[in-house]
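J.: Curious how this folds, go ahead:
(chains A and B)
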Amino acid sequence: MSRPVQYNNHIKFDGIPEGYMGEGFMATNFEKVVSLARKNSIWPLPFATSCCGIEFMATAASHYDLARFGAERMSFSPRQCDLLLVMGTIAKKMGPVLRQVYLQMAEPRWVVAVGACASSGGIFDTYSVLQGIDQVIPVDVYVPGCPPRPEAILDGFLKIQDLVNAEGLRRRHSDQYKELLAGYGIQ
Amino acid sequence: MMQKLRRGGPEVMTNETIQQKLTEKFPDQLTDWHEPYGMLTFTVPAELNLKVLQFLFDDEELKFQFLTDLQAVHYPDNKGAELAVVYHLHNLVDNVRIRFKIFVDIEKPDVFSATALYSAANHMERETYDFFGVNFIGHPNLIRILNVDEMDYFPMRKEFPLEDQSRIDKDDEMFGR
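T.: Numbers count the residues shown, from 1 in each chain, chains lettered A, B, ... in the order given. Predicted coordinates:
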């Protein structure tokens, strides 16, 4: 008997990782399981300084609902966060603050530069504005727009999920990653 | 005159009376009197700025005891007197405002600090130092306030371009570099 009202009937489940399955058990790669868990439970730290932050508020609110992607909980303590979302103009004087917030985050950590200002300084090509946050911290995903629509921010978030899923369990131990951080004078 | 509001007192403080009192006190030293939009404006020799401020502050009728604003202007073509420091004063009792300027050489931009007279000058002189490099003699803590500490120039001086000079990618015709 079908229900009178149908809703939520297009639920898409994340793919089951490759493995050997039998009755009541499954053997798979530990790395894949952890990646799956990580990518669907990212805790974002919104570092919002201007209009992109307002767009992010819309992204996190009910209509666009970032919580659908497992990012239900915004954390305002860098210690417990996985993803630093930098949204808005970063003045040069703010640069060391942003860097400190990044340093306080525990590995694994990812960074999204949301909007033109965080990515490149945007229209603020001036002596007081940092010309892109990648001058002080490494960035994983850039979201273009001035400001970007919530869809664009969600797309950037999905790109981060792909990264989290694809990259190894211990990215931080790779030589490439160490070299990148050393390039920023971190560690 | 626009500024003749006066509560209680019989005599009305006008721009003429202010100018008269100032010229009596500092004969032939104050120049360039004019009144744009009714606001009395004049120029003071740079070394007299504190004396004029003190007189305007202490005089029983003038009572300009509130420093509304203090900032600098860079006039690169005004050789030998490139930097103007502008004081805006307010008599809160009679609601009268005046403004005066001093001019200094950009090679030696020494100006006496008004911090002893107006506490408000502390922040504003620091900011003026930060952006124009005016050296306020006697300021208790003349260091950068709004710009990053590492900055090694004074960005509001006209010889420095507005754009961030650390960029190398915006070099095509669109950005004019």
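J.: contacting residues for A:Ala91?
T.: Taking CB atoms under 8 Å, 6 or more residues apart in numbering or on different chains, we find A:Ala91 in contact with A:Ser128, A:Val129, A:Leu130. Quick note: C-beta positions are derived from backbone N, CA and C, even for glycine.
J.: near chain B too, which of those residues?
T.: Restricting these to those near chain B by CB under 8 Å from any CB of the partner chain leaves A:Ser128, A:Val129.
J.: Please tabulate the contacts of A:Ala91 in JSON lines and include distance to A:Val33 as additional columns.
T.: Shown next, in JSON lines, are those (distance: CB to CB, whole Å):
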{"residue": "A:Ser128", "distance to A:Val33": "47"}
{"residue": "A:Val129", "distance to A:Val33": "43"}
{"residue": "A:Leu130", "distance to A:Val33": "39"}
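J.: in the longest helix anywhere in chain A, what's buried?
T.: Assignment by DSSP state H gives helix A:150-166 as the longest helix of chain A. Buried residues in helix A:150-166, counted by 16 or more other CB atoms under 10 Å in any protein chain shown: A:Pro150, A:Ala152, A:Ile153, A:Leu154, A:Gly156, A:Phe157, A:Lys159, A:Ile160, A:Gln161, A:Val164, A:Asn165.
J.: Check which helices and strands it sits against.
T.: helix A:30-39, helix A:51-60, strand A:110-114, strand A:141-143 (3 or more CB pairs under 8 Å, 6 or more residues apart in numbering or on different chains; DSSP states H and E).
J.: Quick check: beta-bridge partners of the closest residue to B:His34 other than its chain neighbours?
T.: Leaving aside its chain neighbours, B:His34 sits nearest to B:Thr41 (5.5 Å; criterion: CB to CB, 6 or more residues apart in numbering or on different chains). Beta-bridge pairing for B:Thr41 (DSSP bridges): B:His34, B:Arg99.
J.: residues in chain B within reach of chain A, list them.
T.: So chain B meets chain A at B:146-148, B:151, B:155, B:160, B:162-167, B:170, B:175 (CB under 8 Å from any CB).
J.: Mind checking which of those residues are buried?
T.: Buried members of those, scored by 16+ other CB under 10 Å, are B:Asn147, B:Pro155, B:Glu163, B:Asp164.
J.: quick check, nearest of those residues to B:Asp130?
T.: B:Asp130 has its nearest neighbour among those in B:Asn147, at 5.5 Å by CB to CB.
J.: what sits against the residue lying closest to that closest one once chain neighbours are set aside?
T.: Leaving aside its sequence neighbours, B:Asn147 sits nearest to B:Asp130 (CB to CB, 6+ apart; 5.5 Å). By CB under 8 Å, 6+ apart, the residues touching B:Asp130 are B:Arg144, B:Ile145, B:Leu146, B:Asn147, B:Phe154.
J.: Mind doing that once more with 10 Å?
T.: Each residue near B:Asp130 by CB atoms under 10 Å, 6 or more residues apart in numbering or on different chains is listed here: B:Leu142, B:Ile143, B:Arg144, B:Ile145, B:Leu146, B:Asn147, B:Met151, B:Phe154, B:Pro155, B:Met156.
J.: I'd like to know how many residues surround the residue nearest to B:His34.
T.: 17 (other CB atoms under 10 Å in any protein chain shown).
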